[in-house]
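Colleague: Predicted model and sequence below, questions to follow.
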Amino acid sequence: MKKLIEFELKKIFARRLTQLALAAILILSALLGFSSYQNKYAFDGVSQEGTGQTAVAINKEIAAKYEGPLTDKKVKQMMSDFAPQTDLHGLNAAYLYHNAMQSAVFARFSDLDGNWNGLKVSDVFGNEEIKIGYIDGWLSTSQNMVKIFLALSFVVAIMVAPVFCGEYGGVDNIILTSKYGRTKCGAAKAAASLIATLIITLITVLSNLLLAFILYGKSGLDCSILFAPMPFTEGYIPFNITCKTLIIYQTLLAFTGTISVCGITLLASAVSKNQMTAASATAAIYLLPAMLPISETSPLFRYAGLLPVYHAQFVSLMSVEQMSSDLLYALWAIPAALIFAGIGIFSSRKVFSKHQVS
């Protein structure tokens, strides 16, 4: 059985389309990562201003002045330090951006003119302790990984689609079936597909995290995501978790999403006549939930949100009300992924076995 799995893994990774798809996802990761990095902007309000590496350095320097638990004293100090020096000409100061820390405090504690609005930390965040620091880089990485993991789901579909239907009419499987039997061949194909899916997901995750460490370092990983600049304040995760916890959950959902897609694709491959049909069917099933008119506030979203497309778009799933004070609803994605994978593996083996008999 081990030799069969190894044989199937070699076949999967030897396909030119698989190699091109994996290269494309790594190139996309690099492009998005460096693009976000180069587009960073910061101005300290006095003399330092720049983009890219300079902006990250300025933002880190400013964040270091205020890092630690957010207090009312720090809020007042920041509002004073970042007070607008020019007429805003009617612009709401909450949308003013000079640097990441200024944007974060203005988005929550500024009136229309850039003066303190009188709110205390407890008025905005309740009894939560909010640890602040430079989190802009890791939040940008998280946003990029949403796009990357969506693309990764299609890479999995492309990679797994030929596993069963690619053998129909070929001689490889006839030879192997005569030696090992239909059941072992089908099991090996399903196991190899799942292993290959885990491998490329791990490679994608690690490459993105490594790039983020190189560009932004580890600063901010232990800080709350709630005290974020304006671009992250609307429609983002409402729970007080650190950037590190955010990345862990997103990584987990990347794996549950690709495992689910693998299960769907295995079944599509077993019932399809060619890999194009299998990949297209998987893509249609994958994208359909996102096209349905189900809002995130609807009770139905608790079920629709467990479909694999929402695993990649993790913000929606992470924003569903918590199951308890310690567990997020997003953790239901784990059993959901096991169900998708289980159905796909069992059904595809059964279909493949019947096909070989006929």
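Modeller: That came in fine, so what should we check first?
Colleague: Can you show me the CA trace of whichever strand or helix holds Leu4 as CSV?
Modeller: Secondary structure from DSSP states H and E places Leu4 in helix 2-14. Extracted as CSV, the C-alpha positions of helix 2-14 are listed here (Å, rounded to 0.1, in the frame of the first residue of the first chain):
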residue,chain,number,x,y,z
LYS,A,2,2.9,2.3,0.8
LYS,A,3,4.4,1.8,-2.6
LEU,A,4,1.1,2.5,-4.3
ILE,A,5,0.7,5.8,-2.4
GLU,A,6,4.3,6.8,-3.3
PHE,A,7,3.6,5.9,-6.9
GLU,A,8,0.4,8.1,-6.9
LEU,A,9,2.2,11.0,-5.2
LYS,A,10,4.9,10.9,-7.9
LYS,A,11,2.3,10.9,-10.6
ILE,A,12,0.5,13.9,-9.0
PHE,A,13,3.6,16.1,-8.6
ALA,A,14,5.1,15.0,-12.0
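Colleague: Check which element follows it along the chain.
Modeller: Following helix 2-14 in sequence, per DSSP H and E, is helix 16-38.
Colleague: Specify the local secondary structure of Lys218.
Modeller: With DSSP: H, G, I helix; E, B strand; the rest coil as the basis, the three-state label of Lys218 is coil.
Colleague: Helices of the stretch 1-150 of the chain, start to end?
Modeller: 2-14, 16-38, 53-66, 72-81, 100-109, 121-125, 136-160 (DSSP state H, counting those that start in this stretch).
Colleague: got it, and the stretch 201-350 of the chain?
Modeller: So, for the stretch 201-350 of the chain - with DSSP H, counting those that start in this stretch - the helices run 243-271, 275-291, 301-304, 308-312, 314-319, 333-357.
Colleague: what comes up buried for the last one?
Modeller: Using 16 or more other Cβ atoms under 10 Å as the test for burial, helix 333-357 gives 333, 336-337, 340-341, 344-345, 347-349, 351-353, 355-356. Yep, even glycine has a C-beta here, placed from its N, CA and C like the rest.
Colleague: cool, stretch 70-90 as well?
Modeller: In stretch 70-90, counting by 16+ other Cβ under 10 Å, buried: Leu70, Lys74, Val75, Met78, Met79, Asp81, Phe82, Ala83, Pro84.
Colleague: which parts of the helix holding Leu4 are buried?
Modeller: Buried residues in helix 2-14 (16+ other Cβ under 10 Å): Leu4, Ile5, Phe7, Glu8, Leu9, Lys11, Ile12.
Colleague: Show me what it is packed against.
Modeller: Counting contacts by 3 or more Cβ pairs under 8 Å, 6 or more residues apart in numbering; DSSP states H and E, helix 2-14 packs against helix 172-180, helix 182-216.
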